[in-house]
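In: got a sequence here, can you build the structure:
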Amino acid sequence: MSFHTIFLISQCEEFPALCAALLASEESIRILRATLPGNSPELARNLSVLADNLASQGRYDDAVSAQKEAVEVFRRGGAASRERLDRALSRLASLQMLARDAPTP
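Out: Next up is the predicted model:
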C-alpha cells in the first residue's frame, strides 16, 4: 500500500466524499492507462479532474503533478487536442500559483 493511499484512508473519516472522489479518480486513471493509448484525451481529462480534486484538498503539489501529466497527454494528441491543451496549460498555471502561495506545513 502506497503512502498516498494510506494518507487518503486517514482522511476518509473527516472528508468521506472527497476521499471517495480521489480514490475513484485514481482508479479511473489506472484503468485508462492500461486500456487507452498514451495520447488519449479521456486520460488527460481524468488527470485534470484528479488535479482539481487534489487542489480542493489543499494538495497543490500533487495537483500540479497530475495537471502536468494531463498537459503532456494533450501535447501528444497533436492538433486535435490544441484547444484542450490551451485550457490545460491555463489550469496548470493557476495550480502552480496556488502551490507557490500555499502555506507550508
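In: tell me where the chain has helices.
Out: 3-11, 16-35, 41-56, 60-76, 82-101 (DSSP state H).
In: how about CSV for these, with mean pLDDT and mean neighbour count added?
Out: All C-beta spots, glycine's among them, are computed from the backbone N, C-alpha and C. As requested, the helices of the chain are exported to CSV (pLDDT from 0 to 100; neighbours: other C-beta atoms under 10 Å):
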stretch, mean pLDDT, mean neighbour count
helix 3-11, 55, 12
helix 16-35, 87, 14
helix 41-56, 92, 21
helix 60-76, 94, 20
helix 82-101, 93, 15
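In: and stretch 45-52, how far from the chain's centre?
Out: 4 Å (C-alpha atoms, centre = their mean, to the nearest Å).
In: same question, stretch 36-53
Out: Distance, centroid of stretch 36-53 to centroid of chain: 7 Å (C-alpha atoms, centre = their mean).
In: same question for stretch 15-35.
Out: Its chain's C-alpha centre and that of stretch 15-35 lie 10 Å apart, by C-alpha atoms, centre = their mean.
In: OK, contacts around Tyr60?
Out: Leu54, Leu95, Leu98, Ala99, Ala102 (C-beta atoms under 8 Å, 6 or more residues apart in numbering).
In: please repeat the previous calculation with a cut-off of 7 Å.
Out: Residues in contact with Tyr60, defined by C-beta atoms under 7 Å, 6 or more residues apart in numbering, are Leu95, Leu98, Ala99, Ala102.
In: name the nearest residue to it, ignoring sequence neighbours.
Out: What sits nearest to Tyr60 in space, not counting adjacent residues and going by C-beta to C-beta, 6 or more residues apart in numbering, is Ala99, at 3.6 Å.
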